[in-house]
Every structure is written in C-alpha cells, then in structure tokens.
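Visitor: Need coordinates for the following:
(one chain, ligands or ions: 1)
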Amino acid sequence: MKDCLNKKQEECSKTSQQKSEKPKSSTEENKKGYKFSQKSLKLLDQCDTKLKYLFLEVIKEIDCSVIEGHRPKHKQDMFYEKGASKLKWPNSKHNLFPSRAVDVIPYPIDWKNIKRFKQLMKVVKKCAKKLDIKIRCGGDWFTFKDYPHYELKGK
Ligand SMILES: [Zn+2]
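Guide: Got it, this is the predicted structure:
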C-alpha cells in the first residue's frame, strides 16, 4: 500500500486491476481504501454538510453505501402507505433539502446481518463524537428499528 502510494498513478491502477482489488485511496489517511460509489456520493450530496463530513469520515473505517438522501413527496407518500416510514410528508427529515437524514447500509449488502448494521452504527457514533456532530440513529429507536437511518438532531 505504502509503496503503491509513492509510485505513479498508472502503475498503481495497473497492479490493482490485475489483482482485481478495491480501488486504492489517494490519501495516506484513508488506509483501508474504502470509497463511496458515484451513486452513494450523489445521494450524500443531497444531505446537510454535517452529514457529508460525517460519512466521509465513516467510509475511512468501514465500507458502506448510501441508499437514501433527500426523499421527495411521492416517495414519502409511498413509504408511508407501505409502512416503511411512520411519518407523513413533510415530517421526515429526509423531506428537507438539503436532507437532514441519510440512510446508510454496510457493504456488501446483507439485510439480515444486523450485527454489521450495529457495527456500522458504532463507527458512525464514534465519528460523530469526534466531529462534534449531534445525531440520532434509527437503530436506537425502540418502537421501530430503522437500522440504516441517521439524522441530525434539532431543526
Ligand atoms: Zn431514513
């Protein structure tokens, strides 16, 4: 990894392609080399700057995907009808723009692996504390466990 960082970019990508590894990070800090997909970044971009900072920190430690940022009215209505959300438009923090809530799941995706969701939650909490960002985790809710959900506290 260290050698790789010192070499030219082309050489680096060549070797990683051959070994079919995960993309190497461009910074020393991001040692594990996890990166958000373009789709994840696009969704994260719909969120409050604090959430962006937070999850760009989280991805350094644990691989994850963003599955929801801002949620428009038609989608919130649909979620409410399906029971996937307990909130009516525009009461979800996903309904704000920029969104004050984000849904993030561990990667690779396995919805049954609650242990990994909890592991992710632990990293998110640690990073939030470090960055002094006040959040609420859906995985902590008693009545309705919403493991992928993270939102900023307050208005
Ligand atoms: Zn959510």
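Visitor: Next secondary structure element downstream of the top helix by length along the chain?
Guide: Of all the elements of type helix in the chain, the one with the most residues (DSSP state H) is helix 114-131. Counting by DSSP states H and E, the element after helix 114-131 in chain order, helix or strand, is strand 135-137.
Visitor: what packs against that next one?
Guide: helix 114-131, strand 149-152 (3 or more CB pairs under 8 Å, 6 or more residues apart in numbering; DSSP states H and E). Using the backbone N, CA and C atoms, a C-beta is placed for each residue, glycine as well.
Visitor: Deepest in the core, which of the ones you listed is it.
Guide: Among the helices and strands packed on strand 135-137, strand 149-152 has the highest mean neighbour count (mean count of other CB atoms under 10 Å), at a mean of 24.
Visitor: Can you list the neighbours in contact with the longest helix of the chain?
Guide: Contact with helix 114-131 is made by 50, 53-55, 57-58, 61-62, 64, 104-106, 110, 134-135, 137, 139-140, 147-148, 150, as judged by CB atoms under 8 Å, 6 or more residues apart in numbering.
Visitor: how about 10 Å then?
Guide: The set of residues that contact helix 114-131 without belonging to it, under CB atoms under 10 Å, 6 or more residues apart in numbering, is 50-51, 53-64, 102, 104-111, 113, 133-135, 137-140, 145, 147-150, 152-153.
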